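Novice: Based on what follows, work out the 3D shape:
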Amino acid sequence: MLAGVAAVVVFLLTGGLIAGYGLHHALKRRRIRQWPRAQGTVLESRLMSGTSRGQDEDGESYESAWYELRIQYAYHVNGVRHVGTAYAPQPYRTGSKKAANAMVKKYGEGTVVDVLYDAADPKTAYLASPIGAGAVILIIFGSVFLVAALGTVAIIVASA
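Specialist: Residues are numbered from 1 along each chain as shown. The predicted structure follows:
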């Protein structure tokens with residue numbers, strides 16, 4: 001019985017923390033998408049690239065290429081000119097050169113863009129605020145732990 005209660009506590013804490021972190025991230029991105037918008041112009045858009053090295057589970061070394069969008073855009077809020085450099089709260093980085101080149105093309109120099117800016121601090125701005133797959137995975141993973149905790153409670157109650 002004590003082991004069951006301990007399992008419930010562990011699963012509740014673990015699931016709550018994991019799902020809570022994912023939910024926090026998703027809600028933060030949603031709030032950013034509700035910020036005021038200003039029209040801006042892309043000043044510069046270029047592609048950075050590099051390689052990452054690592055080891056797989058068998059100890060074999062590997063290299064993988066990464067590509068990152070570097071962007072600079074100007075926008076005005078209340079007559080004050082600002083220059084932003086962030087595409088989103090997290091940098092746009094991908095392993096696909098094709099996807100990265102598409103982003104550079106989409107945000108070519110001179111392109112007119114909608115800029116999301118923080119009304120309390122207009123120099124904080126983004127062009128997008130996508131909810132990343134990581135947040136969704138955390139919410140799902142944490143929910144599995146929470147369901148397991150509820151299942152354990154049901155088993156404890158049924159056996160009492």
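
Novice: Near the residue nearest to A99 when sequence neighbours are not counted, how many residues? Count them for me, please.
Specialist: Setting aside the residues directly before and after it, A99 is nearest to Y67 in space (Cβ to Cβ, 6 or more residues apart in numbering), at 7.7 Å. (C-beta placed from N, C-alpha, C; glycine too.) By the measure other Cβ atoms under 10 Å, the count of residues near Y67 is 20.

Novice: okay, and for the chain, where does confidence drop off?
Specialist: 1, 3-4, 130, 132, 135, 160 (pLDDT under 70).

Novice: Show the residue spans covered by the strands in it.
Specialist: 37-55, 61-77, 80-84, 93-94, 112-118, 121-126 (DSSP state E).

Novice: Check which residues of the longest one are buried.
Specialist: Neighbour-count burial for strand 37-55, counted by 16 or more other Cβ atoms under 10 Å, picks out 38, 40, 42, 45.

Novice: Provide the strand pairings for that strand, with the direction of each partner.
Specialist: strand 61-77 (antiparallel), strand 112-118 (antiparallel) (DSSP bridges).

Novice: I'd like those strands written out as CSV, with distance to T124 added.
Specialist: Formatted as CSV, these follow (distance: least, Cβ to Cβ, whole Å):
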stretch, distance to T124
strand 61-77, 11
strand 112-118, 4
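
Novice: do you know which of those strands lies nearest I139?
Specialist: strand 112-118 (23.0 Å; Cβ to Cβ).

Novice: Buried residues in the closest one, which are they?
Specialist: 113, 115-117.

Novice: Look up how far W66 lies from G108.
Specialist: 21 Å (Cβ to Cβ, to the nearest Å).
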